[in-house]
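**Q** test case, fold it:
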Amino acid sequence: MIMTFLFIISGVLTHLLNIATSIDLVSQIATKMRDYAMGNNSDHSLQKGRYYVLGAICLAALVLPLSFTGGAVATPTISKVFNASPSAQAWVTNAFMLSFGSLLMAAGTLSDIYGRKRIFTQGLLLFVIVSLLLANATSIVWLDILRAVQGIAAAAALASGSAALAQEFEGHDRTRAFSLLGTTFGLGLAFGPMITGALIEQFGWRSIFITTAILAATALIAAVSQMHESKNPQAQKLDLPGLASFSAMLVLFTTGIILAPQAGWDSSLIVSLLISALTCLIAFVVIELRSKEPMLELSLLRHTRFIGVQLLPLGTCYCYIVLIVLLPFRLIGVEGISPIQSGLVMLALSTPMLVVPLLAAWLTRWISAGSLSGFGFLLAATGLYILSRVPIGDHLQLIFAMLIIGIGAGFPWGLMDGLAVNVVPKEQAGMAAGIFNTTRVAGEGIALAISIAMLTTLVNSSLLRLQPQNDNSELVQRLIMGDMSLSQNLDHAQVLTAYQEGFSTLMLILSLFTIISSCAAFFLLSRKARL
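**A** All right, here's what the predicted structure looks like:
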């Protein structure tokens, strides 16, 4: 049945691609005739074409945060439908993030070798097919597996799309293009929770994946009809040993972090997983140092600006991305508001991403990227401190804190994409995009797993202090994921108190991480550089 469905979808999309290609041929002929009749050269056509490419890549970039936030908002609903365990619920988001992050560098290399357009369109096609299969998932196991495959498709689309964008624009035009790309990500993050919340309430959680499939198909048609192929003639071969060791390290480490609250941090399983992850990390470094064509040029770590650029997405993980997931769990599961109400509240956190990234790019004419990023992180850290003191149910203070965090995180968010593709020559844009996006997405997955594990441990400790006679580990794990079903037999006020204490402590820890990120940005990126 699945193969038949897959065959039908593939046939329909192939037909759409053929139509798009035909339309493109007619469009090119008409454009050339018009230019000849008006005495124009082809510069206008090329100028117009590259903005169509920018639109296609930005539309694809819009789909990715929708997939991320959609999975987070839908997790409490999905867990009830499938009666999923806490670890299975965590994999709804982490399966996507892990495959996404671990394969971005490989996707960047493949786009350099085989062509940016080819990898971009194939990635979007796979994304459309898997999204439709996700809408028809019949168990939490299949859903988690398909989310991992969806992450593979997302990696191919993002890495190749970023590399293609670097080929289309130069100088400040490139900076503005990547700032628009960052704003598009912000658009998906800003309205993603509200859109997915409305879709869940009106049509059910499956409609989220149908919506992303439609958007990805639209970007696919635009890319086929307008994007031209580009490659790197000096591109390196795919580093399979490096890819395998890096991916294994991410999977083992994240699995250990996810299972630790349930199995115990000192259990033989968790210790074995973490030691295995460390072994894979050491193997990856050794492989990259000895490889003639490494996936990651470790020699780049000698340059402070390269290190500084990679630290920017790590900082935004802890002050922004983690909240995109944890706050819907709190609002929907703990406070009991509806998904669409949760989405409206989340606008305070993500709406600044529509404006601040463009403002940051404009300010780089006078202020260095490091100074702007450092200031943004300090502002976000202030918002996290305020958030740590917001009691459950006080949405006015919550919105105020989220707004400050969103504005602060918007400064580094709007600069880091443009900085990333300038740390290497233009011809290596695929590798640059792959390295940067790997750091960002893999960092997001790890930061999310660590934050959920810390919150689970903190809340469990608080609840044990309030109710020392009970073992509430499973209740706490479900509570963190937005499921209050097991708390009916306990004192509800004590459960909320324990959650509040744990959440407040976590926000203070995240604030500290963000301050460290600010210091790193000031120190490593303080020199003003042309983007």
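**Q** where's residue 152 relative to residue 189, distance?
**A** 22 Å (C-beta to C-beta, to the nearest Å). (Each C-beta comes from the backbone N, C-alpha and C, glycine too.)
**Q** which of the two has more residues huddled nearby?
**A** Neighbours per residue (other C-beta atoms under 10 Å) separate residue 152 from residue 189, with residue 189 holding more: 26 against 20.
**Q** check contacts around that one.
**A** Applying C-beta atoms under 8 Å, 6 or more residues apart in numbering to residue 189 gives the contacts 65, 68-69, 324, 350, 353.
**Q** which of those residues sit farthest apart?
**A** The widest separation within the contacts of residue 189, taken as C-beta to C-beta, falls between 68 and 353 and amounts to 13.3 Å.
**Q** so which of the contacts of residue 189 is the closest to residue 475?
**A** Nearest to residue 475, judged by C-beta to C-beta, of the contacts of residue 189 is residue 324 at 24.5 Å.
**Q** now for that closest one: which residues touch it?
**A** 68-69, 72, 189, 193, 346, 349-350.
**Q** so which of those sit within helices?
**A** Using DSSP state H, the subset of the contacts of residue 324 located in helices is 68-69, 72, 189, 193, 346, 349-350.
**Q** CA-only coordinates of the one helix or strand residue 272 maps to in PDB, if you can.
**A** Taking DSSP states H and E as the definition, residue 272 sits inside helix 268-290. Only the C-alpha atoms of helix 268-290 are listed here, as PDB (Å, rounded to 0.1, in the frame of the first residue of the first chain):
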ATOM      1  CA  SER A 268      25.400   1.200  32.200                       C
ATOM      2  CA  LEU A 269      23.300   1.900  29.100                       C
ATOM      3  CA  ILE A 270      23.800   5.700  29.300                       C
ATOM      4  CA  VAL A 271      27.500   5.400  30.200                       C
ATOM      5  CA  SER A 272      28.000   3.100  27.300                       C
ATOM      6  CA  LEU A 273      26.200   5.400  24.900                       C
ATOM      7  CA  LEU A 274      28.100   8.400  26.000                       C
ATOM      8  CA  ILE A 275      31.500   6.600  25.900                       C
ATOM      9  CA  SER A 276      30.600   5.300  22.400                       C
ATOM     10  CA  ALA A 277      29.700   8.900  21.300                       C
ATOM     11  CA  LEU A 278      33.100  10.100  22.600                       C
ATOM     12  CA  THR A 279      34.900   7.300  20.700                       C
ATOM     13  CA  CYS A 280      33.100   8.200  17.500                       C
ATOM     14  CA  LEU A 281      34.100  11.900  18.000                       C
ATOM     15  CA  ILE A 282      37.800  10.900  18.400                       C
ATOM     16  CA  ALA A 283      37.500   8.700  15.400                       C
ATOM     17  CA  PHE A 284      36.000  11.600  13.400                       C
ATOM     18  CA  VAL A 285      38.800  13.900  14.300                       C
ATOM     19  CA  VAL A 286      41.500  11.300  13.400                       C
ATOM     20  CA  ILE A 287      39.800  10.500  10.100                       C
ATOM     21  CA  GLU A 288      39.500  14.200   9.100                       C
ATOM     22  CA  LEU A 289      43.100  14.900  10.000                       C
ATOM     23  CA  ARG A 290      44.400  11.900   7.900                       C
END
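**Q** how would you label residue 229: helix, strand or coil?
**A** coil (DSSP: H, G, I helix; E, B strand; the rest coil).
**Q** hang on, it packs against residue 121?
**A** No: between residue 229 and residue 121 there is no contact under C-beta atoms under 8 Å: 10.1 Å.
**Q** the two: which is more packed in?
**A** More crowded of residue 229 and residue 121, by other C-beta under 10 Å: residue 121, with 22 against 11.
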